[in-house]
Structures are given as C-alpha cells and as structure tokens.
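# Need coordinates for the below:
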Amino acid sequence: MPPAVVLVTGVSRWLGGALAAELASDPRIERVIGVDTVPPSPAVLRRLGRTEFVRADIRNPLIGKVIAAASVDTVVHMNISSTPAGSGGRVPMKELNVIGTMQLLAACQRASSVRRFVLKSTSAVYGASSRDPAVFTEAMQARQVPAGGFARDSVDIEGYVRSFGRRRPDVDVAVLRFTNFIGPRIDSLLTGFLRMPLVPTALGYDARVQLLHEDDALAVLTRATTGEFAGTVNVGGEGTLLLSQAIRRLGRLEVPVPTPALGSVGRLSRRFGFVDYSPEQMRFLNFGRVVDTTVLRRDFGYTPRYSTAAALADYARTVPPVLDPAVVRAAGGGLRALLGRIGDTASAVEHRLRPAPPSPALRAVRDA
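Below is the predicted model of the structure:
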C-alpha cells in the first residue's frame, strides 16, 4: 500500500528534488512535503510539481510540528552533507548530519502517524583500508572504523536509526547504503574529482571503483519509499573499474603522487575550489571499495539498469575530454614506464652500493 503523506528532507539538492518530484507524480500519494534549509533553485522548484516546500532546519525541534501537523506517515531522510564546504565547515556539517538526524528521529518517535523511515546512507560506512575484503556484504563492518568526516557521521547516523527502530518497532526502517553516484545531472564528490583535467592519484595504488547511475539511485529511493522493504541494503551497479581506467575513459590525465603528498594536494584543491575531498576520500582513492548487491536484487527486488562501466559512459558523454583517450592512454603508459625505470634505477644503485659478500678465504679466516 503506497504512503499517504511523505516528507522528504534535502529537496534542494538534485537527488532529493528528483525524488520529491517522482513521488508527487504518483496520484496514489496524497501529499509530498519537501524540507530544506535553503530554497530550491528555480529549475528544481519547477520540477517539484505539487510538492509543498517548507523551509525548515531539521536541527530545530520545530520539525516535529511539521510532521505532526501534516500526519506524515513516511519520512525519507536525505539531508546529509558529504563535504564541509557544502555546509560551511566541519562543525556545521556534523551538526547538520548528526544533530539534525537526532532531532528528526525524535520527532518521528513522538509522531504516532509515522509508519516508515527511509535513510539515504552510504557504503562509506565500511571504510577503506588495506585490510578490506574483496566485497562487503550488509552483515560486515568496517575493518578500520572511519575516524572522522562524512563516513564517521554516517556510521553514527545509522546507529541512531537502529536505536529508533528498537524504540519504535511498529515503524519499518530501510537503510540504503549507496556506492558513489555518477550521471550527467547529479553533482557528487566523485564527479567533481573526475572533472579535473589533471587527476591526482596515489602512487602505487589503483583503487577499484563501483558506481551507481543517478537514474538507478532515483528508482531505488522511489521503490524504498513506496514499497515494503525493511532492513539494510547495498546499492551499486554491476561490475567495477580501476580508477586509472575511469580517468582514461573520461579523457583525463592521471598524475600519480606519493601518498604523503596527497594531503597537500587535497588542501590546495579545496583552497582553490577544484574539489573538496577530505583525508577519508583520499583513503578511498587509495584502496577503493566494492559491495555485494545480492540483497538488492533478491530481497529488495531491483536490478540496476546501468552497470558501473555503462554509468561512467553515460557521464562521459557530458564531459568534454581534455585529451583524446588514445593520447591519455599513451601518456599514462609512458608515465608509468618512466616511474618504473626510476624505480629500477634506484634498485640498481642500491645494489651497487651494497657491500660485496666476503670471499671464501676471508670467511675461513674470520670463522677461525
């Protein structure tokens, strides 16, 4: 049975606005209420249709009055920031993510009308380290717990949502752990990173990347809102790509940087507004992350239309290449060969400088 009144947080962003518009086009749903701290852009506002926009801060307990007054029965929580720059700094980001979620859950706990809660979470809760398994399932936890940033916030948020589910067992809770979004319209950390003409990567690493097309993300959110699935599900496209492959297919030039220098590169990138990626995202660029999507297909009942490679290809059509992909492949191969020769030269020099082993006669004298 479809919901009667749905409240969606974070509707001023592309994905939140797209979900509210999709739900508003369903005649079975009586009301769709969109909440955000800032008004949507004119383009998003036109798309919202009959969605009722409410400018409200979920960190404020007044969000409870909105839920109670409208008799909301389904809440979709998408107002979770992944970058400090998008929230005005790390402290406001944490307040929005963690404190905002706590206030929203408290309001839902008091509202007897709420029957369903959907959380847009992230596969970043699994972390990224050299100890990771080849594939994460929903039952697994991070081998190295994220120390801060978006991933740490997401771990805390999921913990609060689980606690809410125990306090309100009558509410169906769906937690969607998305892989990295990509597509021609959505703006994400990865799309910003891959738009850079020179893409810095960690020297000696080539992370596996699993992508999800924006259309599949929207379809999963719509199905989670109107369906009956309860539990946690990984959401990602089929297959993986190496980070170097993704860079080459977009006509960018990979610039391998020693790992200790990546922090400085990240700070310069944030300072000049290229892309705001934090140390936790740089760890992902080192080790990558792949999730198992069996539950998505078997229990949730959805198979993504786009594989990882197809999603990247659709995004590539909207991103003019800086260099011809054939030139990028040649340059990348030449750079890797040069680095290999440097490494071979260093090994040869080290070998020549190593003391020669003693002769048999010298060993006999020494042993005597």
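# Low-confidence stretches in the stretch 51-200 of the chain?
Applying pLDDT under 70 to the stretch 51-200 of the chain picks out residues 83-90.
# now with 80?
82-92, 145-148 (pLDDT under 80).
# Now do the strands in it.
Here the stretch 51-200 of the chain has its strands, by DSSP state E, counting those that start in this stretch, at 52-55, 74-77, 116-122, 172-178, 180-182, 198-202.
# What are the buried residues along the last one?
Judged by neighbour count using 16 or more other CB atoms under 10 Å, the buried positions of strand 198-202 are V199, P200, T201, A202. Where you see a C-beta, it was placed from the backbone N, CA and C, and this is true even at glycine.
# Which elements pack onto that strand?
helix 243-249, strand 253-257, helix 259-271, helix 279-287 (3 or more CB pairs under 8 Å, 6 or more residues apart in numbering; DSSP states H and E).
# Confidence-wise, which of the ones you listed is weakest overall?
Mean pLDDT values for the helices and strands packed on strand 198-202 show the minimum at helix 259-271, a mean of 66.
# rewinding a little: now the strands of the stretch 51-200 of the chain as JSON lines including distance to D215?
What follows is these, written out as JSON lines (distance: least, CB to CB, whole Å):
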{"stretch": "strand 52-55", "distance to D215": "24"}
{"stretch": "strand 74-77", "distance to D215": "18"}
{"stretch": "strand 116-122", "distance to D215": "16"}
{"stretch": "strand 172-178", "distance to D215": "13"}
{"stretch": "strand 180-182", "distance to D215": "10"}
{"stretch": "strand 198-202", "distance to D215": "25"}
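# who touches L242 in this structure?
Each residue near L242 by CB atoms under 8 Å, 6 or more residues apart in numbering is listed here: D206, A207, R208, V209.
# For R59, state which of the residues you listed is nearest.
Among the contacts of L242, V209 lies closest to R59 (CB to CB), at 33.2 Å.
# From F284, how far out is that closest one?
V209 sits 9 Å away from F284, going by CB to CB, to the nearest Å.
# same thing with V98?
From V98 to F284 the distance is 21 Å (CB to CB).
# Which one's more surrounded, the two?
F284 (24 against 19; other CB atoms under 10 Å).
# State the number of residues packed around the residue lying closest to that one once chain neighbours are set aside.
Spatially, and ignoring its direct neighbours in sequence, F284 is nearest to A128 (4.4 Å; CB to CB, 6 or more residues apart in numbering). Here the number of neighbours of A128 (other CB under 10 Å) works out to 23.
# likewise T318?
Neighbour number of T318 under other CB under 10 Å is 10.
# Are we agreed that it is in a strand?
No - counting by DSSP: H, G, I helix; E, B strand; the rest coil, T318 is located in no strand; its state is coil.
# need the contact list for it.
Here T318 is in contact with P184 (CB under 8 Å, 6+ apart).
# let's see it at 10 Å
Shown in contact with T318 (CB atoms under 10 Å, 6 or more residues apart in numbering): G183, P184, R185, T191.
# Next: D26.
So D26 contacts P2, P3, V6, V32, T222, T225, T226 (CB under 10 Å, 6+ apart).
# again, 8 Å this time
P2, T226.
# Next one: it relative to A261, how far apart?
51 Å.
# hmm, back to that, between the buried residues of strand 198-202, which is nearest I157?
The closest of the buried residues of strand 198-202 to I157 turns out to be A202 (CB to CB; 28.1 Å).
# Find the nearest non-adjacent residue to L243, please.
A207 (4.6 Å).
# The one you found touches L241, doesn't it?
No - A207 is beyond contact range of L241, at 9.6 Å (criterion: CB atoms under 8 Å).
# Could I get the buried residue list for stretch 233-246?
Those buried within stretch 233-246 under the rule 16+ other CB under 10 Å are V233, N234, V235, G236, G237, T240, L241, L243, S244, Q245, A246.
# Which members of those are the farthest-apart pair?
V233 and S244 (29.6 Å).
# Which stretch among the strands of the stretch 51-200 of the chain approaches G17 most closely?
Per CB to CB, nearest to G17 of those: strand 52-55, 9.6 Å.
# I would like the residues contacting the closest one, please.
So strand 52-55 is contacted by 11, 31-40, 45, 66 (CB under 8 Å, 6+ apart).
# Among these, which one lies nearest to P92?
Nearest to P92 among the contacts of strand 52-55, with distances taken as CB to CB, is T37, at 10.3 Å.
# Contact partners for the residue lying closest to that closest one once chain neighbours are set aside?
Spatial nearest neighbour of T37, excluding adjacent residues (CB to CB, 6+ apart): D57 at 5.0 Å. D57 is in contact with T37, I63, G100, counting by CB under 8 Å, 6+ apart.
# As CSV, these with neighbour count and distance to A313 would be great.
As requested, the contacts of D57 are exported to CSV (neighbours: other CB atoms under 10 Å; distance: CB to CB, whole Å):
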residue, neighbour count, distance to A313
T37, 17, 35
I63, 23, 40
G100, 24, 36
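# What about those, which are in helices?
I63, G100 (DSSP state H).
# With respect to D314, which of the contacts of D57 is nearest?
Once CB to CB is applied, the member of the contacts of D57 that ends up nearest D314 is T37, at 31.0 Å.
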